[in-house]
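K.L.:
Build me a model from this:
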Amino acid sequence: MATVHPSATVEMASAVSRRRAVLGQWLASTGGSLLIWAGRSPSRNYPDNVYEFRASSHFLFFVGVPIEGAALLVSEGRSTLFVHRTTEADALWHGETPSPEAFQAATRVDAVRFLDELDAVLQPLPGLLQLPLHKPLSALSDAEQALLDQLISQRLAHDDFALAEIRRAAAVTVRAHRAGMAATRPGVRVSAVRAAMEREILAEDFTTAYGSIVTTSGEVLHTRERWGVCGPSDLLLADVGAESDLGFASDVTRTWPTGGRFSPSQRAAYDLVLAAQLAAIDTVGPGVRYRDVHLAASRVIVSGLRDVGLLSGDIDGLLERGAHALFFPHGIGHLLGLDVHDMEDFGDRAGYAPGRTRSDQFGLCYLRLDRDLAPGMVVTIEPGLYFVPAILRSERLLGPLRGDVRLDKLTQFADVRGIRTEDDVLVTHSGREVLTAALEKRADQIESLVGTVSERC
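P.N.:
This is a model prediction of the structure:
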């Protein structure tokens, strides 16, 4: 008999059963029903050439395993999974499909039926809601908005099974980054370093949680660049994370010297970013506002830049006016879970607590999360230091701070373009746990790992 999924364990089935029970109770209180689609693989130019299937995160949260084309109906206290009937063509080209009994045993739904029966089942149901929404958030009905709030409340804090999956993804990500460091040396193509990292992920039968960023142009935050060769004195920024085979993400960034040793200026900049990250991590705990975690890192950045002469003036005043954003222009991180930016398909409704809105200040406006942290939440902590020409030439951004910014001092960081250090952090009842703590990040540790793969590799 065909296997539903190799990672479909008893623990998984128990977890998704509990999640559906909570959802079912809420739906019963509203008199509504919910249909969640798994989705299908989009095609690459022609119908039979498709991308690898990745189920909707909403479907994975309540079913646990990816089932292409399937749908989950939660209605009147029952959950029914609808799957395709297997055709002869399916069996020929894609292999035997698991039986309805196998799907039911793996997921513990109340019933499994075929998709050609779905329309008849849905017809009499009042108040039917569907996910994904496929409409702008501004166009949601009151019932759909209430559904979003319910899903957010269920997914903000992870249960034990979800945390175990994130740990699995984190462990593979740690191995991937070590492989990337080991494969790096002058003359090696950047794409070869990326390949060494992604090999570790694919070898686990995982995939990447997002498009990997491996670049010597670290000042371009989400670069799509896939070319280039490691020079003797470059910094390589690698933002690479694994996604488990059940859809849970990790997200880690490290920056290392391609020649194996940081220059004095690179080391000073690297240590400043690391100090900012450690300060931010130390701030994480239950009840702490995530915006304050961001500001803790920003304060260290401002203080360090003032120490080297790039900024001048009172630290509080510089922070208030956003001077740090000239060099640290993004937010400190985001939620992490079934998506690398978890629930961002819900926009700021998920990331921002009721009554909180995005700042209009440059830098702070990119903060993706502004909630009070609670046990079970997983967030990334990823400060950076970047010398972005477009920012440092902008009169709109630089003008109000011109008296406090010494651009003539930039020459001392001529061999620094962009540095970021990122870890995945679980909020616990007593503080925090760094889920990716096994990955080295002190400068001397990083140097000891670079270029350890032999030439023939």
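K.L.:
So which residue is dead centre in the protein?
P.N.:
With distances taken as C-alpha atoms, centre = their mean, Val340 lies nearest the centre of the chain, 1.9 Å away.
K.L.:
residue ranges of the strands in the stretch 351-457 of the chain, please?
P.N.:
Along the stretch 351-457 of the chain, the segments classed as strands by DSSP state E, counting those that start in this stretch run 378-381, 384-386, 418-420, 423-427, 432-434.
K.L.:
Looking at these, which one is packed in the most?
P.N.:
strand 378-381 (a mean of 27; mean count of other C-beta atoms under 10 Å). Just so you know, the C-beta spots here come from the backbone N, C-alpha and C atoms, and that holds for glycine as well.
K.L.:
which strands and helices sit next to that one?
P.N.:
helix 264-283, helix 290-307, strand 423-427 (3 or more C-beta pairs under 8 Å, 6 or more residues apart in numbering; DSSP states H and E).
K.L.:
can you put those in CSV and add mean pLDDT?
P.N.:
Shown next, in CSV, are the helices and strands packed on strand 378-381 (pLDDT from 0 to 100):
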stretch, mean pLDDT
helix 264-283, 98
helix 290-307, 98
strand 423-427, 98
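K.L.:
Figure out which of the ones you listed is closest to Arg368.
P.N.:
helix 290-307 (9.1 Å; C-beta to C-beta).
K.L.:
Summarise which helices and strands the helix ranked longest in the chain is packed against.
P.N.:
Counting residues, the longest helix in the chain under DSSP state H turns out to be helix 160-183. In terms of contacts (3+ C-beta pairs under 8 Å, 6+ apart), helix 160-183 is packed against helix 10-30, helix 190-203, strand 235-240, strand 242-243, strand 252-257, strand 423-427, helix 443-449.
K.L.:
7 Å - rerun?
P.N.:
With contacts taken as 3 or more C-beta pairs under 7 Å, 6 or more residues apart in numbering; DSSP states H and E, helix 160-183 sits against helix 10-30, helix 190-203, strand 235-240, strand 242-243, strand 252-257, helix 443-449.
K.L.:
List the buried residues of it.
P.N.:
Within helix 160-183, the residues scored as buried using 16 or more other C-beta atoms under 10 Å are 161-183.
K.L.:
likewise stretch 69-86?
P.N.:
Applying 16+ other C-beta under 10 Å to stretch 69-86 flags 70-75, 79-83, 86 as buried.
K.L.:
mind listing which of these are in strands?
P.N.:
Among the buried residues of stretch 69-86, the ones falling in strands (DSSP state E) are 71-75, 79-83.
K.L.:
ok, those residues vs Gln154, which is closest?
P.N.:
With C-beta to C-beta as the yardstick, the closest approach to Gln154 among these comes from Val74, at 12.3 Å.
K.L.:
Can you tell me which of the helices and strands packed on helix 160-183 is most buried?
P.N.:
Using mean count of other C-beta under 10 Å, strand 242-243 ranks as the most buried of those, with a mean of 27.
K.L.:
Excluding covalently adjacent residues, which one is nearest to Arg85?
P.N.:
Leaving aside its sequence neighbours, Arg85 sits nearest to Phe114 (C-beta to C-beta, 6 or more residues apart in numbering; 5.0 Å).
K.L.:
any residues touching the worst-scoring helix or strand of the chain on mean pLDDT, and which ones?
P.N.:
Using mean pLDDT, DSSP states H and E, helix 88-94 stands out as the lowest-scoring helix or strand of the chain, at a mean of 80. For helix 88-94, contacts defined as C-beta atoms under 7 Å, 6 or more residues apart in numbering pick out Thr97.
K.L.:
Only the buried residues of the helix or strand that it is followed by, if you could.
P.N.:
Moving toward the C-terminus from helix 88-94, the next helix or strand (DSSP states H and E) is helix 100-107. By neighbour count on 16+ other C-beta under 10 Å, the buried set for helix 100-107 is 100, 102-104, 106-107.
K.L.:
same thing with stretch 297-311?
P.N.:
297-306, 310-311.
K.L.:
swap in stretch 309-318?
P.N.:
Residues of stretch 309-318 classed as buried by neighbour count (16+ other C-beta under 10 Å): 310-311, 315, 318.
K.L.:
hmm, back to that, now render the helices and strands packed on strand 378-381 as a markdown table, adding distance to Phe59.
P.N.:
Output for the helices and strands packed on strand 378-381, formatted as a markdown table (distance: least, C-beta to C-beta, whole Å):
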| stretch | distance to Phe59 |
| --- | --- |
| helix 264-283 | 33 |
| helix 290-307 | 28 |
| strand 423-427 | 23 |
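K.L.:
who wins for proximity to Ala38 among the ones you listed?
P.N.:
Per C-beta to C-beta, nearest to Ala38 of the helices and strands packed on strand 378-381: strand 423-427, 26.1 Å.
K.L.:
got the CA positions of the closest one in CSV?
P.N.:
The C-alpha trace of strand 423-427 is given here as CSV (Å, rounded to 0.1, in the frame of the first residue of the first chain):
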residue,chain,number,x,y,z
ASP,A,423,19.3,33.0,14.6
ASP,A,424,15.9,31.4,15.3
VAL,A,425,14.7,32.1,18.9
LEU,A,426,11.9,30.4,20.9
VAL,A,427,10.2,32.4,23.6
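K.L.:
that older thread, quick one: closest of the helices and strands packed on helix 160-183 to Leu426.
P.N.:
Across these, closest to Leu426 is strand 252-257 (C-beta to C-beta), at 14.1 Å.
K.L.:
can you list contacts of the closest one?
P.N.:
For strand 252-257, the surrounding residues in contact (C-beta under 7 Å, 6+ apart) are 173, 177, 181, 184, 218, 235-241, 266, 270, 382, 419-424, 436, 439, 441, 446-447, 450.
K.L.:
Between helix 190-203 and it, find me the angle.
P.N.:
Here the directions of strand 252-257 and helix 190-203 differ by 140 degrees (axes from the mean of the first three to the mean of the last three C-alpha atoms, to 10 degrees).
K.L.:
Please compute how far strand 252-257 lies from its chain's middle.
P.N.:
Strand 252-257 sits 16 Å away from the centroid of its parent chain (C-alpha atoms, centre = their mean, to the nearest Å).
K.L.:
quick one: that strand to strand 423-427, angle?
P.N.:
Using the same axes, to 10 degrees: strand 252-257 against strand 423-427 is 150 degrees.
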